[in-house]
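1. with the input below, show me the fold.
(one chain, ligands or ions: 1)
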Amino acid sequence: MKRIAVLTSGGDAPGMNAAIRAVTRVAIYHGLDVVGIRRGYEGLLDGDAIPLTQSSVGGIIHHGGTILRTARSERFKRSEGVTEGLARLKGMDVDALIVIGGEGSFRGAWELEKRGLPTVGVPGTIDNDCAGTDETIGYDTAVNTALEAVKKLRDTASSHDRLFIIEVMGRNSGFIALQVALAGGAECALLPEVPFDVEKVCQKLNYAKKRGKTHSLIIVAEGVMSAQELAGKILDTGGYESRITVLGHIQRGGSPTAFDAVLGSRLGAHAVEALLEGKSGVMAGVTCGQVTTCPLPETWENKKRPDLSLLELLNALSI
Ligand code: ATP
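-> Numbering: from 1, shown residues only. Below is the predicted model of the structure:
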């Protein structure tokens, strides 16, 4: 193995730059050349690549987003797209590829692996919905960004005796909603993994009102429904008026927390080490504090769910 490539794919996540930096520097330390593919698989199909050096990844560890940029590529999802991507990599004399992204990106990586290109994944997604690692790169930063907003909204909610509904990211997973609700002292967290029951939400609000509580916070993951729709249901069923806030893409941005900068560095380095040990078709992760690898298909076959005992804790703490 003489030359490896690295790309970021899917949604951007704070800490991806720390991972790119670690991949580059550890690979160069071991005598490898490194090529950065820009705009994920879409850029790969366009041959959009740059050499990465120790200095070209300098000063990026604390920057949000990804210096390689990212994209979603419909072209690469087709079999001809994968064949073309493989040909592009061969044309660049690339011997192995590191893909930083989420579950979808790993499916793409697995297609390349199956066709003979050694490929290793690094979990970079704010959703934390990737099996094979306790946390994904970007999740901790996204939770802390959302929490800052929740703390501000809590001030105004308590001053005006209001119910606030705050919509956070999570199309298919409720990790962010649950963590933010617990850390932010919310009354309710609505997660895609748990069937929605408006009666239960209203019962909770009734109970809080009876015991003299004048303000409440509900955190809803976007995958459950929009904050707007939820506000309508709560008004129709319980008669509660609410104010809504949609945090949106602000949760993706910003400088990574120390946790994400370290996680990105550890997993980027571990991905290169895995390749050097002859491992491929795997994802680098951290389990119980230790760096690990797991087969790429396990990252999407074993659906990772939030710990629902934390939802019970939230209920117990908010009565
Ligand atoms: P996030 O969790 O942030 O959404 P992700 O990696 O899951 O990140 P996706 O949009 O699901 O994001 O996937 C990123 C890209 O991976 C897709 O746009 C596509 O190019 C590629 N991809 C996804 N599934 C496949 C597949 N089955 N075969 C080939 N490529 C795929």
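
2. run the chain-centre distance for the helix or strand in which residue 142 is found.
-> Using DSSP states H and E, residue 142 sits in helix 139-160. Helix 139-160 has its C-alpha centroid displaced from the chain centroid by 19 Å (C-alpha atoms, centre = their mean, to the nearest Å).

3. dump the helix or strand that comes right after that helix to CSV, keeping only the CA atoms.
-> Counting by DSSP H and E, the element after helix 139-160 in chain order, helix or strand, is strand 163-168. What follows is strand 163-168, C-alpha atoms only, in CSV (Å, rounded to 0.1, in the frame of the first residue of the first chain):
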residue,chain,number,x,y,z
LEU,A,163,-44.8,26.2,26.7
PHE,A,164,-42.0,25.9,24.2
ILE,A,165,-41.7,23.2,21.6
ILE,A,166,-38.1,22.8,20.3
GLU,A,167,-37.5,20.8,17.2
VAL,A,168,-34.1,19.2,16.9
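
4. what lies in contact with strand 163-168?
-> 146, 149-150, 153-154, 156-157, 176-177, 180, 186, 205, 215-222, 226-227, 230-231, 234, 240-248, 251 (C-beta atoms under 8 Å, 6 or more residues apart in numbering). From N, CA and C alone the C-beta is placed, and that goes for glycine too.

5. partner strands of it, with direction?
-> Taking DSSP bridges as the criterion, strand 163-168 sits next to strand 216-221 (parallel), strand 243-246 (parallel) in its sheet.

6. can you redo these as JSON lines with mean neighbour count?
-> Below are the strands paired with strand 163-168 laid out as JSON lines (neighbours: other C-beta atoms under 10 Å):
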{"stretch": "strand 216-221", "mean neighbour count": "27"}
{"stretch": "strand 243-246", "mean neighbour count": "16"}
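
7. quick check: which of those is nearest to the ligand?
-> Closest to the ligand of the strands paired with strand 163-168, according to C-beta to the nearest ligand atom: strand 216-221, at 13.7 Å.

8. any idea which helix or strand comes after the closest one?
-> Next along from strand 216-221, by DSSP H and E: helix 227-238.

9. run the chain-centre distance for that next one.
-> 28 Å.

10. just want the angle from it to strand 163-168.
-> Helix 227-238 runs at 140 degrees relative to strand 163-168, counting by axes from the mean of the first three to the mean of the last three C-alpha atoms, to 10 degrees.

11. before we move on, back to that, which of the strands paired with strand 163-168 sits closest to residue 282?
-> Ranking those by distance to residue 282, with C-beta to C-beta as the measure, places strand 216-221 first at 29.2 Å.

12. residue of the protein nearest the ligand, please.
-> With C-beta to the nearest ligand atom as the measure, residue 104 is the residue of the chain nearest to the ligand, at 1.9 Å.

13. let me see the contact set for that residue.
-> Counting by C-beta under 8 Å, 6+ apart, residue 104 has contacts 9, 10, 72.

14. ok, which of the residues you listed also contact the ligand?
-> 9, 10, 72 (C-beta under 6 Å from any ligand atom).

15. many thanks, I have nothing further to ask.
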